[in-house]
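**Student:** this is the structure alone, sequence omitted:
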């Protein structure tokens, strides 16, 4: 159970605050909902039924500063997850994005950064689907990191680079 005022990560939508827990009637049936407001976009609102396990399982507490710093410290040890078969790669990357596991997101970002760099050296570009996966993974992870580290989203990548080279 989440509390009003608590920060959560909701699926691929990023960091949200639980602005209230209230009864609503959306389909002729009154239910209790978490009312989530994205931190970066106050105009959106998500209503998540408190009793719907499939949807509430997509909510998780935001990592603390120390948990984020540990993830950053572990980045060099994370393996790569490049899959040559494009359809298998897309399927696996979709699974990672929908699962939201931070370590897997880091592995995905690391893999696609390195693949992009290798392709650039050959004067080629990363496939557009891989670029979209990279962007979505970055958005998910960097929003949470920015919130936990109390920095802007634009400061996340420099923060990571600085702490990896230290």
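**Tutor:** Now that the structure is in, tell me what you want to look at. Since we're looking at a predicted model, the values are computed, not measured.

**Student:** for the rest of this, base every contact and every neighbour count on C-alpha atoms.
**Tutor:** Noted.

**Student:** burial of the spatially closest residue to residue 51 that is not a sequence neighbour, as a residue count?
**Tutor:** Take residue 51 and drop its neighbours on the chain: the residue closest to it by CA to CA, 6 or more residues apart in numbering is residue 32, 7.6 Å away. Neighbourhood size, residue 32 [other CA atoms under 10 Å]: 16.

**Student:** cool, and residue 102?
**Tutor:** 18.

**Student:** then residue 155?
**Tutor:** 14.

**Student:** secondary structure class for the residue nearest to residue 51?
**Tutor:** Secondary structure state of residue 32, per DSSP: H, G, I helix; E, B strand; the rest coil, is strand.

**Student:** give me the pLDDT value at it.
**Tutor:** Note on residue 32: pLDDT of 96.

**Student:** average model confidence for the longest helix seen in the chain?
**Tutor:** Assignment by DSSP state H gives helix 128-149 as the longest helix of the chain. For helix 128-149, mean pLDDT rounds to 94.

**Student:** now the next helix or strand after it: buried residues?
**Tutor:** Toward the C-terminus, helix 128-149 is succeeded by helix 156-165 as the next helix or strand (DSSP states H and E). Residues of helix 156-165 classed as buried by neighbour count (16 or more other CA atoms under 10 Å): 156, 160.

**Student:** picking up where we left off before, which other helices and strands contact the longest helix of the chain?
**Tutor:** strand 14-25, helix 65-74, helix 86-99, helix 102-121, helix 156-165 (3 or more CA pairs under 8 Å, 6 or more residues apart in numbering; DSSP states H and E).
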